[in-house]
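Enquirer: Would you be able to build a 3D model of this:
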Amino acid sequence: MLHSILFWLGAFTAIFFVGVFVELGIGGSRLRRLHQIPPLPDEEMPSVSIIVAARNEERAIEHALGSLLRQRGGEMEVIVVDDRSDDSTGAILDRMADVEPRLRVVHVTDLPKGWLGKNHALWMGAQSARGELLLFTDADIVMAPDAVARAAGYLSREGLDHLTVAPHVNMPGRLLTAFGVVFTIFFSLYTRPWRVRDPRSKQHVGIGAFNLVRADSYRRMGTHQAIAMRPDDDVKLGKLVKKNGMLQDFVLGPELVQVEWYSSIPEAVRGLRKNGFAGVDYRISLVMLATAVHVVFFIWPFIAVFATRGWTQAFYGFALLMILGLYAGCARAQKSAWWHGILFPIASVLFIVVIWNATIYALVNRGIEWRGTHYPLDELRANRI
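Expert: Residues are numbered from 1 along each chain as shown. Here you go, the predicted structure:
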């Protein structure tokens, strides 16, 4: 009986990964790359307001902000909202603003009820923005001088309301690098970014590193007020676009946009605690389903290929080739080593740990801690999109 179950499960797993391989392979090949998209001439460029939410970013803010201030093409301004920092972030920003006319700094000292700090900061920045386009980005993102011009030109030429750019993620160590690639694979399977351009599809996407949106579209969709209590605000901004019948697209930009993500495994687990439960809409049933899917399809095959024989082993061996092929393709796009794919099962276990850590933490503490503030779980759950 057990042999029969393993045989059919192995066969189904092999078929499953053929479908995944084809979907990701064909879909990924359709994605544009930002460095291959020509910018508009300066005189045709729409004005852009780059909006950054910063809290206790003294370590990286000056370098990242310098890259934003070096952006070329058209009329641009950079608005940084200092969200209640208690380090030297505010002083650094004020010093830079004294010598840089394109930089405006907004200091927030109190957080209104019903807001997450970051979301409120981005909303505050948008209220004073003068640009036709708004670029929401993080305080540790480094961009090449032509990144914004290329993205803004593409959005304008294609008649889009929203454009997301996927950055290159810098993480030290083989396991963290593998986790980053595996995370990208799972994110791609969840969002299907090659489908978001289709107005008939409900697929949507957003990445905090680079969310470019038309200012008038942003206001029509309800601004960040509609996602005031969403820790996954970047993805939900993309969902607001699709829910309001607007057009969005997704491009790859690792050559022009980079971010330093986490420096260690414990830091990654703690950092993703704020939005791991939100990613499944605070539903225990989805956490359990995600766990089962990961164990059956992304962990068990690495064991089964040694624990089975005959056709069952062949099925799982074929599935492993598909998994490693998926990893190699994604690693190539992210400019990392393909052979780190041998760490796929460990990275997948880490992904489960992240989700359960976030879930248990939110349930035990009745909320999350983010940027030094506790947010009640009931209020987080109430902000459904």
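Enquirer: Apart from its neighbours in sequence, what residue is nearest Val80?
Expert: Excluding the flanking residues, the one nearest Val80 by C-beta to C-beta, 6 or more residues apart in numbering is Val52, at 4.6 Å. Every residue, glycine included, has its C-beta placed from N, CA and C.
Enquirer: isn't that neighbour right next to Gly125, touching?
Expert: Yes - with contact defined as C-beta atoms under 8 Å, Val52 reaches Gly125; the gap is 7.3 Å.
Enquirer: These two: who's more crowded?
Expert: Of the pair Val52 and Gly125, Val52 is the one with more neighbours under other C-beta atoms under 10 Å, namely 28 against 24.
Enquirer: before we move on, back to that, let me see the contact set for the residue nearest to Val80.
Expert: If you count contacts by C-beta atoms under 8 Å, 6 or more residues apart in numbering, Val52 has them with 65, 68, 78-81, 125, 137-139.
Enquirer: From those, pick the one nearest Ser348.
Expert: Asp138 (26.1 Å; C-beta to C-beta).
Enquirer: Quick check: the gap between the closest one and Val81.
Expert: The spacing between Asp138 and Val81, counted by C-beta to C-beta, to the nearest Å, is 12 Å.
Enquirer: Identify the contacts common to those two.
Expert: 52-53.
Enquirer: ok, these two, which is more surrounded?
Expert: Using other C-beta under 10 Å, the more surrounded residue of Asp138 and Val81 is Val81, with 28 against 20.
Enquirer: where's that one, which helix or strand?
Expert: Assigned by DSSP states H and E, Val81 belongs to strand 76-83.
Enquirer: can you list the domains in this protein?
Expert: Per automatic domain parsing, the domain ranges recorded for the chain read 2-28+274-382, 31-167+207-262.
Enquirer: quick one on the thing from earlier: pull up the pairing partners for the strand holding Val81, direction included.
Expert: Take DSSP bridges as the rule and strand 76-83 pairs in its sheet with strand 48-54 (parallel), strand 103-108 (parallel).
Enquirer: Give the buried residues for the helix or strand just after that strand.
Expert: Downstream of strand 76-83, the next assigned helix or strand under DSSP H and E is helix 89-99. Neighbour-count burial for helix 89-99 flags 89-90, 92-93, 96-97 (criterion: 16 or more other C-beta atoms under 10 Å).
Enquirer: now swap in stretch 178-191 and tell me
Expert: For stretch 178-191, by 16+ other C-beta under 10 Å, it's 178-186, 188, 191.
Enquirer: ok, back up a step: of all the strands paired with strand 76-83, which lies closest to Val364?
Expert: Nearest of the strands paired with strand 76-83 (C-beta to C-beta): strand 48-54, 27.6 Å.
Enquirer: Now do that closest one against helix 89-99, angle only.
Expert: Angle, strand 48-54 to helix 89-99, by axes from the mean of the first three to the mean of the last three C-alpha atoms, to 10 degrees: 150 degrees.
Enquirer: following strand 48-54, which helix or strand shows up next?
Expert: Heading C-terminal from strand 48-54 (DSSP H and E), you reach helix 61-69.
Enquirer: counting contacts, what elements does that next one pack onto?
Expert: Where contact means 3 or more C-beta pairs under 8 Å, 6 or more residues apart in numbering; DSSP states H and E, helix 61-69 is packed against strand 48-54, strand 76-83, helix 89-99, strand 141-143.
Enquirer: repeat that with 10 Å
Expert: When contacts are defined as 3 or more C-beta pairs under 10 Å, 6 or more residues apart in numbering; DSSP states H and E, helix 61-69 packs onto strand 48-54, strand 76-83, helix 89-99, strand 103-108, strand 133-138, strand 141-143, helix 147-158, strand 257-260.
Enquirer: What are the buried residues along stretch 311-318?
Expert: Buried-residue list, stretch 311-318, by 16+ other C-beta under 10 Å: 312-313, 315-318.
Enquirer: Show me those that map onto helices.
Expert: 312-313, 315-318 (DSSP state H).
Enquirer: which one of the residues you listed sits closest to Glu132?
Expert: For these, the nearest to Glu132 is Phe318 (51.2 Å; C-beta to C-beta).
Enquirer: Next one: the closest one from Ser4, what distance?
Expert: For Phe318 relative to Ser4 (C-beta to C-beta), the value is 19 Å.
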